[in-house]
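> Take this sequence and fold it.
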Amino acid sequence: MADAAAADEKASVAAPAPAFPIKLLIIVSVAALVFGVGGAMVAVKFLDGSDKSSETSEEHKSEVAVKSESHSGPGGKQSKATAPGVMVDLDPFIVNLADTPEVRYLKLTIKLEVENEAVSADLSARVPQVRDAVLVLLSSKDVNAVRTTQGKFQLRDEITQRVNGLLTKPGVRSAYFTDFVVQ
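Numbers count the residues shown, from 1 in each chain. Alright, predicted model coming up:
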């Protein structure tokens with residue numbers, strides 16, 4: 001019996017502890033590491049995208065500030081441009097761009113902000129002339145000129161100048177793009 005008791009004692013001492021908790025610990029550690037790395041990559045991607053959007057919003061704010069300074073009256077005070085004007089819708093424009101090796105199209109829908117109803121009525125009477133002037137301007141542009149943000153701002157200013165040139169009394173404040181598709 002002493003031999004049996006000694007054998008049981010050796011068996012209980014020599015029997016290793018179950019390896020299940022160690023395996024579970026390794027699996028949980030690897031999963032946490034994978035989720036941590038994945039979360040860090042997602043955070044970097046979102047923070048990188050927000051930095052770019054904040055740069056473009058800062059660029060847009062600086063251009064708006066420059067425009068508002070150019071519209072301000074004498075003495076640095078803001079002129080009547082602070083009150084919203086009357087919005088005039090134009091039908092969509094679809095034009096071929098001036099790219100020579102490839103055929104590129106531009107679809108553009110414009111809203112014009114005018115000073116008052118009198119300018120709106122004058123503009124409505126000259127819709128064919130306005131559409132012709134805008135179509136000629138748009139078809140003279142190439143894809144590189146209209147794809148950038150700066151190019152879009154320049155195009156907006158050129159449209160405003162051309163439409164004001166057609167009216168008896170310039171009253172178009174700005175042109176706004178509601179659709180802008182380049183293909």
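> Lys152 reaches Ala145, doesn't it?
No. Lys152 is not in contact with Ala145 according to C-beta atoms under 8 Å; the separation is 9.4 Å. For every residue, glycine as well, the C-beta is placed using N, CA and C.
> what separates the residue nearest to Leu97 when sequence neighbours are not counted from Leu137, distance-wise?
Of all residues not flanking Leu97 in the chain, Arg104 sits nearest, at 4.2 Å (C-beta to C-beta, 6 or more residues apart in numbering). Separation of Arg104 from Leu137 (C-beta to C-beta, to the nearest Å): 16 Å.
> what about the spatially closest residue to Leu155 that is not a sequence neighbour, how many neighbours?
Of all residues beyond its chain neighbours, the one nearest Leu155 is Val146 (6.0 Å), with distances taken as C-beta to C-beta, 6+ apart. Val146 has 18 neighbours, counted by other C-beta atoms under 10 Å.
> just Phe180 next, same as before
14.
> would it count as being in a strand?
Yes. Counting by DSSP: H, G, I helix; E, B strand; the rest coil, Phe180 falls inside a strand.
> which residues sit in contact with the residue lying closest to it once chain neighbours are set aside?
With sequence-adjacent residues excluded and distances taken as C-beta to C-beta, 6+ apart, Phe180 is closest to Leu108, at 5.7 Å. Leu108 makes contact with Pro92, Phe93, Ile94, Val95, Leu138, Phe177, Asp179, Phe180, Val181, according to C-beta atoms under 8 Å, 6 or more residues apart in numbering.
> List just the nearest of those to Gly171.
Phe177 (19.7 Å; C-beta to C-beta).
> about what we covered before: can you classify the residue nearest to Phe180 as helix, strand or coil?
Relying on three-state DSSP, one would call Leu108 strand.
> Thanks a lot, catch you later.
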